[in-house]
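Peer 1: 3D, please:
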Amino acid sequence: MKKTLLLLFLFCFTAQAQEIGIPVKFMQSSKNPPQRYIGTDAFGWEYTIANNEFRKTKDGKSVKYQNVGLGEIYRVDIQNPLQIVLFYRKFNSVVLLDNQLNQTATINFSALPTELIAEAASLASQNRLWIYDITTQQIGLYDPMRNNFRTLTPPFNDGIKYYQSDYNYFYWIDNAGKCFTVNLFGKVTALGSVPAFDQAQILSATQILYSKDNSLYLYDLPAKTRKFVQINEKSFASFYYASQILSIFTESEIIQYKITFN
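Peer 2: So this is what the prediction gives:
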């Protein structure tokens, strides 16, 4: 009997340890958000989309960009506020914007000497673009100045469920839940498996912030453990984390928390 109780105690303790909470500190909230919240840059500008119009706002000031001819904005890369990337997947095109949202370039991947069918597009170093080409099922770098595409990875068949990048690395989670990264020289590294998620943001090669069923978790890839992030919202549309600020986007407001992930 004592042995059974001890095992039951250890099981409960282990289950609770896996759900250790990460506290957050409320900072501020703003009402009446647009349809999609993209993120906030280091200068405090908020980037959003409403009625397929890309917007940049701060302290009551707003700059807008819209390109009706290219359809819906699929993804936005704001890692460099001086060169923002808008990806229009349906029309297989990318638009580059400066910090005033002036259009500086439009790239139609269907019109290249060797056509690409882009499923993923984001900014890499030296003004190049990370591209996942469905035709070859490979990730590579597109150089707008030279108008060429150089593949980096072998073909892979599990597709891409989620992707993210910085100047030097392209991260992706495939449809089987496996996470990988490739660098500028083509070195592919398997980072581990990720639990089922609704939305995700890769914080590093070892940490992923993800939501599932309106709960937010920090997942440690090497340890295969997660921690519950203690936000107050019972439901939310999306989230974004940068510079120790966690932004939660609901149907009625944007809430920002101060948080530190160890």
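Peer 1: Which residue comes closest to residue 127 once chain neighbours are left out?
Peer 2: Closest residue to residue 127 apart from its sequence neighbours, by C-beta to C-beta, 6 or more residues apart in numbering: residue 144 at 6.6 Å. For every residue, glycine as well, the C-beta is placed using N, CA and C.
Peer 1: repeat for residue 91
Peer 2: Residue 91's closest residue in space is residue 70 (C-beta to C-beta, 6+ apart), at 4.7 Å.
Peer 1: is it true that residue 238 touches residue 249?
Peer 2: Yes - at 4.6 Å, residue 238 counts as touching residue 249 under the criterion of C-beta atoms under 8 Å.
Peer 1: So which residues of the stretch 101-250 of the chain form helices?
Peer 2: Taking DSSP state H, counting those that start in this stretch as the test, none of the stretch 101-250 of the chain falls into helices.
Peer 1: low-scoring stretches of the chain, by residue?
Peer 2: 1-20, 26-28, 30-34 (pLDDT under 70).
Peer 1: picking up where we left off before, and the residue nearest to residue 91, how far from residue 129?
Peer 2: According to C-beta to C-beta, to the nearest Å, residue 70 and residue 129 sit 16 Å apart.
Peer 1: what do you get for residue 82?
Peer 2: 15 Å.
Peer 1: try residue 122
Peer 2: Distance from residue 122 to residue 129, by C-beta to C-beta: 7 Å.
Peer 1: Equivalent analysis for residue 239, please.
Peer 2: For residue 239, the distance to residue 129 (C-beta to C-beta) stands at 25 Å.
Peer 1: and if you look at residue 61?
Peer 2: Distance of residue 61 to residue 129, given as C-beta to C-beta: 29 Å.
Peer 1: ok, now residue 25?
Peer 2: Taken as C-beta to C-beta, the span from residue 25 to residue 129 is 37 Å.
Peer 1: Please identify which of those two sits among more neighbours.
Peer 2: When residue 25 and residue 129 are compared on other C-beta atoms under 10 Å, the one with more neighbours turns out to be residue 129, at 24 against 11.
Peer 1: Test my guess that the more buried one contacts residue 141.
Peer 2: Yes - contact criterion C-beta under 8 Å: residue 129 and residue 141 qualify, at 7.0 Å.
Peer 1: If the residue nearest to residue 221 when sequence neighbours are not counted is in a bridge, with which residues?
Peer 2: With C-beta to C-beta, 6+ apart as the criterion, residue 221 has its nearest non-adjacent residue at 4.0 Å, and that residue is residue 192. Residues in a beta bridge with residue 192, per DSSP bridges, are residue 179.
Peer 1: how deep is residue 192 tucked in, by neighbour count?
Peer 2: 17.
Peer 1: Which residues are in contact with the closest residue to residue 154 other than its chain neighbours?
Peer 2: Of all residues beyond its chain neighbours, the one nearest residue 154 is residue 138 (7.0 Å), with distances taken as C-beta to C-beta, 6+ apart. By C-beta atoms under 8 Å, 6 or more residues apart in numbering, the contact set of residue 138 is 132, 151, 152, 153, 154, 155, 156.
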